[in-house]
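# no sequence on this one, just coordinates:
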Ligand SMILES: Nc1ncnc2c1ncn2[C@@H]1O[C@H](COP(=O)(O)OP(=O)(O)OP(=O)(O)O)[C@@H](O)[C@H]1O
């Protein structure tokens, strides 16, 4: 990522009088908010990086830049390889389709062919542990069930870069442990990880490197435990 900037327009509610006065004075009724204010970093192949920062510091926005969900206002983002984002749980899921249909849909979004998905289908379902509900429409799923399926699909695809945003917090403890073990395996196999989590001890152990964001800028970029220490300081 090079010198990424992203602003959002903040709206406020206004009275009719305020609106008229602003129009007469030619003043905008909205304000610009800089979510990312010149963020630059490079992540090498096979690195595990934690994005750290307090609420609203720009972590999720950064992940969305890497995944391509959002485009920067200026600056450039370059990625090499297949990127799978576990950013918003079940974002790629269609509520009226069953779990089974959604697996095929999501795998296709992640670039897998029907054949590849069929070959891994049983494994995906087994990992998610929701066999019983696989033919139920996902609108009837709990958020934890959603997560299980979304996570299962993502980790069974041939991705090079895995983006994980706070999703582990949705699952129950045994599932979290299983996901963590699987994430470690993927890292050991050379996949690149970018993880956002407020569980600082977990991310510091999982990742070698930590990028600490504050107010949309990189405040520290280095060893993960040190990044956590800076954040707590
Ligand atoms: N679509 C949007 N429209 C307006 N503001 C947005 C939008 N998306 C993000 N923001 C703002 O940008 C800032 C950064 O948000 P972001 O989600 O990246 O923070 P975060 O570090 O992930 O926070 P958290 O720890 O709470 O998840 C926040 O102040 C948020 O309100």
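Ah, there it is. Computed from a prediction, not measured in an experiment: that's the story for all the values here.

# what number of residues lie near residue 185?
Residue neighbour count, defined by other Cβ atoms under 10 Å, stands at 11 for residue 185. For the C-beta atoms, the positions are set from N, CA and C on the backbone; glycine is no exception.

# ok, residues contacting stretch 5-14?
22, 29-39, 61, 65, 70, 72-75, 216 (Cβ atoms under 8 Å, 6 or more residues apart in numbering).

# is residue 20 located within a helix, as I assumed?
Yes - counting by DSSP: H, G, I helix; E, B strand; the rest coil, residue 20 is part of a helix.

# so what strands line up beside the strand or helix carrying residue 222?
Assigned by DSSP states H and E, residue 222 belongs to strand 217-223. Strands that pair with strand 217-223, judged by DSSP bridges, come out as strand 209-214 (antiparallel).

# and the strand it pairs with, anywhere near the ligand?
No - legend: contact between strand 209-214 and the ligand by Cβ under 6 Å from any ligand atom is lacking; minimum distance shown is 6.5 Å.

# one step back: so which bits of the strand holding residue 222 are buried?
217, 218, 220 (16 or more other Cβ atoms under 10 Å).

# now narrow the contacts of stretch 5-14 to whatever sits close to the ligand.
Answer for the contacts of stretch 5-14 near the ligand (Cβ under 6 Å from any ligand atom): 35, 61.

# got a ChimeraX select line for the buried ones in the contacts of stretch 5-14?
Buried subset of the contacts of stretch 5-14, written as a ChimeraX selection, criterion 16+ other Cβ under 10 Å:
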select :35,36,37,39,61,65,70,72,75,216
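
# tell me where the protein has strands.
Taking DSSP state E as the criterion, the chain carries its strands at 2-10, 31-39, 48-52, 74-76, 83-86, 161-165, 192-196, 209-214, 217-223.

# what does the protein put close to the ligand?
Near the ligand, when you scan the chain using Cβ under 6 Å from any ligand atom, you find 8, 35, 53, 55, 56, 57, 58, 59, 60, 61.

# any of the residues you listed buried? List them.
Neighbour counting with 16+ other Cβ under 10 Å marks 35, 53, 57, 58, 59, 60, 61 as buried within those.

# am I right that the fifth one is in contact with residue 49?
If I follow you right, that is residue 59. No - checked against Cβ atoms under 8 Å, the pair residue 59 and residue 49 is beyond contact range at 11.4 Å.
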